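Engineer: I'd like to go over a predicted model; first the sequence, then the structure.
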Amino acid sequence: MGLTNIGNSRLMGGVALWILTFNHGAAAQDVLPDAAATPLQRIVVGAGIEKVAIDTPQAVTVLDQEAIDDLQPRTIGDIFREIPGITPIGSNSVLGESLNIRGIGEALSGDETRIIIQVDGVNKFFEQYRMGSFFSDPELYKQVEVLRGPASSTLYGSGAMGGVVTFTTKDASDFLDPGDLIGGRLKTSWDSNGNGWLGSAIVAAEPVKNLELLGALNYRQSQDMTDGHGDKIDDTDFSSINGLVKARYTFGANEDQSVFASYQNWSSDEDNQNYDQVAWGTSFGDVDRTVTDQTAIIGYENAFTGNDLFDVKAQVSWSDTRVEQNNQDEICQQFAPPPAPPTCYYPFGYNAEYSYETWQGKADNVSTFQLSDTWMAYLTTGVDGQFQERRNPRDFGTYVRSGSGSHPEGDTKNVGTYAQAEFVWNDRITLIPGMRIDYSNVHVGSYVDSTGSTVDLNEDKTKIGYSPKLAAMIKMSDWFGVFGSIAHTERLPSLDEVFSNYTVNAIEKEQSNNFEAGITVSFDDLVKDGDAFRLKGTAFRNNVTNYYASYWDGTSVVTEVIPKARYQGLELEASYWTPGVYGSLGASLIRGENANTGGYMNAVPADNAFLKVGYVHRPWNLDFGWKGDFHASQDRVGDDEDKTAGYVLHNLYASWKPTEGHFADSELRFNVDNIFDKSYRSHLSNDEGVGRSFKLSFAKTF
């Protein structure tokens, strides 16, 4: 870190401390979270009927607005750095991030079909050689849910072997009190490592009764960050602009119907970037990139007040993710041992575009049944479908080539129908059976080969996938519960698996049989009046047949079909809260094994734990504390991986939310990440970790 940045850090840190102590007696009421806001008490909306996380019979973690803001995330990957069981992978570049859940997810393969990502119910999918898979900004979202394991396939789609990640964007109602005509928020933040900053503006309005409008605009930029040695981390500089507009109109005699629409756009335009955003392979040359992600939705909801059989939501959406690449430098590959000169060529063309354009529709209904005085039943049924076009024109000067052997063009159609019931007895026993059936068709049309000639394949592959499950939770007492689930899912073929190296392959479905069991512990007034303790532990075993493992063999990406793979592990989440002192713990231990050879699977994260201890000084509405990230060494690696050393990161945080005085209705946050400037590398990252960083943010609600 340069002297200028150090000076800036000290200056901003001094300003933060001054503000934290200024006018400290102004706060008159609590605006800080209570026990209900601890991780295991947050509301889960993505697993069926709304329930708190500790009462959900599967492993799920919810980050609400407060938790997201506490992290002061620079990129989407930063949101997940302290959640057990999920790991950001690839690199620290905003264009190189992907996700791994329970050991499933590799940076160099199309694992996005094993992990379903949704934004406001819209599937987001992108796969490009040596690029990340999801492009967005943390500032757009008010809640993120991570549902681990294949049990989520019933509601979200077959093949969710790792799990599901759902993002929920901000709403106008988040910034409007009853009777308000207009409201909103202004926010800015600064990060010393990379001298990055954010400018954010949100305007919410209700110009006429029941019509809610929201507009949000965010601009974020950063220079290259540095690691614990002070060395630059390549391609971590970026600028992005993103925005969100939403509208909702509520109507009906009981105001139980609404129509809604939204549009979201994220874009980043970067020159002289490494083609390889994942492993920093300089032999692939440089490129100018423009990345754009768009999502548009229109929908309708009807709660049918007085009729328990209907509670309907339907929406149609359009999603488009594309990467435009220009001025691609020639790529030099060493095909012969030194001192033979390298061979230089243009495998990706002079200019190219990668695009995924998807049209989706979905509708579901929740029916409520009073079976007896003690039994309630909820039945969720639905149907969804999507049509996706994947295009990749590459300009070679004299002709345009459609796709390549490693990135073919084609169309994919998916249609699914599902039903999930929830039987609840006296709030003591919950039984959740479910079933989903999906139809998938992958079409490969014509392509232009390396000579400029058109080859007409015009072939289709069709598969049907089944995803049944049975989950249960039993509260043995007021403080102790047990839960478990059995889930089967089948991953339908992706375009890369159907068509590779200009050949249509005979493929088999991946199949997963997952078993989970766990316990919950809930105590109130455990040590002192007003405290609360929550614990949830989960053990899982996931047996996968016909596992498609893709990796770089030094020359190209190859795909190996592993007849039997096994993933198993333990996850733990716990929290303790008092009106003053509080703390939380998250930990995971994951093992991946090639059941045929006895070897290790690639991309299994190191054992890790996350500990947080804090204190709330309520007279000042001041919240501060320490967080520790503990990662063990990882020597259980596949043949294509390097071992990594263990490390510990120490972090500090503080926030202040005054309710009176000059700073009323505002919040100030000050974080120090990696306070000892530790040099490290996450096992599933291909670059060095970020060194010490001072973060400061200020937001004002009006």
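Structural biologist: Structure received.
Engineer: Assumed residue 95 was part of a helix.
Structural biologist: No - going by DSSP: H, G, I helix; E, B strand; the rest coil, the assignment for residue 95 is coil, not a helix.
Engineer: Ramachandran coordinates for the nearest residue to it once chain neighbours are set aside?
Structural biologist: With Cβ to Cβ, 6 or more residues apart in numbering as the criterion, residue 95 has its nearest non-adjacent residue at 4.8 Å, and that residue is residue 277. To be clear about C-beta, it is placed using only N, CA and C from the backbone, and glycine gets the same treatment. Main-chain dihedrals, residue 277, degrees, to the nearest 10: phi -90, psi 0.
Engineer: now residue 173
Structural biologist: phi -60, psi -20.
Engineer: if I look at it, how far off is residue 254?
Structural biologist: Here the criterion is Cβ to Cβ, to the nearest Å. By it, residue 173 lies 18 Å from residue 254.
Engineer: re the thing from before, any idea how far residue 198 is from the residue nearest to residue 95?
Structural biologist: With Cβ to Cβ as the criterion, residue 277 and residue 198 are 22 Å apart.
Engineer: returning to that earlier point: you'd agree the residue nearest to residue 95 is up against residue 130?
Structural biologist: Yes - Residue 277 lies in contact with residue 130 (Cβ atoms under 8 Å); the separation is 6.1 Å.
Engineer: Show me the residue sitting in the middle of this protein in space.
Structural biologist: residue 165 (5.0 Å; Cα atoms, centre = their mean).
Engineer: Which strands and helices lie in contact with the helix or strand that contains that one?
Structural biologist: Taking DSSP states H and E as the criterion, residue 165 maps to strand 163-169. With contacts taken as 3 or more Cβ pairs under 8 Å, 6 or more residues apart in numbering; DSSP states H and E, strand 163-169 sits against strand 97-101, strand 115-119, strand 141-148.
Engineer: Pull the residues that contact that strand.
Structural biologist: Residues from elsewhere that reach strand 163-169 (Cβ atoms under 8 Å, 6 or more residues apart in numbering): 45-46, 85-86, 99, 101-102, 115-121, 136, 140-150, 152, 156, 244, 246, 262, 264.
Engineer: Quick one: name whatever helix or strand follows that strand.
Structural biologist: strand 182-191.
Engineer: After that following strand, which helix or strand is next?
Structural biologist: For strand 182-191, the following helix or strand on the C-terminal side (DSSP H and E) is strand 196-205.
Engineer: ok, that next one: who's next to it in the sheet?
Structural biologist: Sheet pairing for strand 196-205, assigned by DSSP bridges, gives strand 182-191 (antiparallel), strand 211-222 (antiparallel).
Engineer: What average pLDDT does the first one get?
Structural biologist: Rounded to a whole number, the mean pLDDT of strand 182-191 is 97.
Engineer: which intervals of the stretch 451-600 of the chain have sub-threshold pLDDT?
Structural biologist: 452, 500-502, 506, 551-558 (pLDDT under 70).
Engineer: All the helices of it, residue numbers only.
Structural biologist: 495-498 (DSSP state H, counting those that start in this stretch).
Engineer: residue ranges of the strands in it, please?
Structural biologist: 454-466, 469-475, 480-491, 499-500, 503-504, 510-524, 532-552, 557-577, 581-594 (DSSP state E, counting those that start in this stretch).
Engineer: which stretch among those comes nearest residue 375?
Structural biologist: strand 469-475 (14.5 Å; Cβ to Cβ).
Engineer: between the closest one and strand 480-491, how many degrees?
Structural biologist: Angle, strand 469-475 to strand 480-491, by axes from the mean of the first three to the mean of the last three Cα atoms, to 10 degrees: 170 degrees.
Engineer: Packing partners of strand 469-475?
Structural biologist: Checked by 3+ Cβ pairs under 8 Å, 6+ apart, strand 469-475 has strand 429-448, strand 480-491 packed alongside it.
Engineer: Burial-wise, tell me which of the ones you listed comes out on top.
Structural biologist: The highest mean neighbour count among the helices and strands packed on strand 469-475, using mean count of other Cβ atoms under 10 Å, belongs to strand 480-491: a mean of 22.
Engineer: Listing partners with orientation, what would you give for it?
Structural biologist: strand 469-475 (antiparallel), strand 510-524 (antiparallel).
Engineer: Could you list the buried residues of the longest one?
Structural biologist: Translated: strand 510-524. Residues of strand 510-524 classed as buried by neighbour count (16 or more other Cβ atoms under 10 Å): 510-512, 514, 516, 518, 520, 522.
Engineer: contacting residues around the residue nearest to residue 702 when sequence neighbours are not counted?
Structural biologist: Closest residue to residue 702 apart from its sequence neighbours, by Cβ to Cβ, 6+ apart: residue 184 at 5.9 Å. Shown in contact with residue 184 (Cβ under 8 Å, 6+ apart): 175, 201-204, 701-702.
Engineer: from memory residue 217 sits against residue 187, does it?
Structural biologist: No - at 11.1 Å, residue 217 does not count as touching residue 187 under the criterion of Cβ under 8 Å.
Engineer: what do those two both touch?
Structural biologist: Going by Cβ under 8 Å, 6+ apart, residues that sit against residue 217 and also against residue 187 are 200-201.
Engineer: Those two: which has the busier surroundings?
Structural biologist: Neighbours per residue (other Cβ atoms under 10 Å) separate residue 217 from residue 187, with residue 187 holding more: 19 against 15.
Engineer: contacting residues for the more buried one?
Structural biologist: 139, 198-201, 697-700.
Engineer: could you measure it against residue 202, distance?
Structural biologist: In terms of Cβ to Cβ, residue 187 sits 8 Å off from residue 202.
Engineer: before we move on, the earlier item: neighbour count winner among residue 173 and residue 254?
Structural biologist: Taking other Cβ under 10 Å, residue 173 and residue 254 do not tie; residue 173 has more neighbours (15 against 10).
Engineer: what about residue 277 and residue 130, which has more around it?
Structural biologist: residue 277 (27 against 20).
Engineer: got the contact list for the more buried one?
Structural biologist: For residue 277, the contact set (Cβ under 8 Å, 6+ apart) comprises 90-91, 93, 95-96, 130-132, 235.
Engineer: By pLDDT, rank these and give me the bottom one.
Structural biologist: residue 130 (81).
Engineer: Out of the strands paired with strand 480-491, which is closest to residue 69?
Structural biologist: Closest among the strands paired with strand 480-491, once you apply Cβ to Cβ, is strand 510-524, at 26.5 Å.
Engineer: Run through the residues that contact the closest residue to residue 475 other than its chain neighbours.
Structural biologist: Of all residues not flanking residue 475 in the chain, residue 481 sits nearest, at 4.4 Å (Cβ to Cβ, 6+ apart). For residue 481, the contact set (Cβ under 8 Å, 6+ apart) comprises 55, 473-475, 519-522.
Engineer: any idea how far residue 481 lies from residue 146?
Structural biologist: Distance from residue 481 to residue 146, by Cβ to Cβ: 21 Å.
Engineer: Residue 119 too?
Structural biologist: 14 Å.
Engineer: leaving aside the residues next to it on the chain, what's closest to residue 393?
Structural biologist: residue 400 (5.2 Å).
Engineer: what pairs with the residue nearest to residue 475 across the strands?
Structural biologist: Under the criterion used (DSSP bridges), residue 481 bridges to residue 475, residue 520.
Engineer: now it: how far from residue 423?
Structural biologist: For residue 481, the distance to residue 423 equals 16 Å [Cβ to Cβ].
Engineer: now the strands of the stretch 451-600 of the chain as a markdown table including distance to residue 612?
Structural biologist: Below are the strands of the stretch 451-600 of the chain laid out as a markdown table (distance: least, Cβ to Cβ, whole Å):
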| stretch | distance to residue 612 |
| --- | --- |
| strand 454-466 | 39 |
| strand 469-475 | 26 |
| strand 480-491 | 24 |
| strand 499-500 | 45 |
| strand 503-504 | 51 |
| strand 510-524 | 18 |
| strand 532-552 | 14 |
| strand 557-577 | 9 |
| strand 581-594 | 5 |
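Engineer: Which one of the ones you listed lies nearest to residue 355?
Structural biologist: strand 499-500 (16.9 Å).
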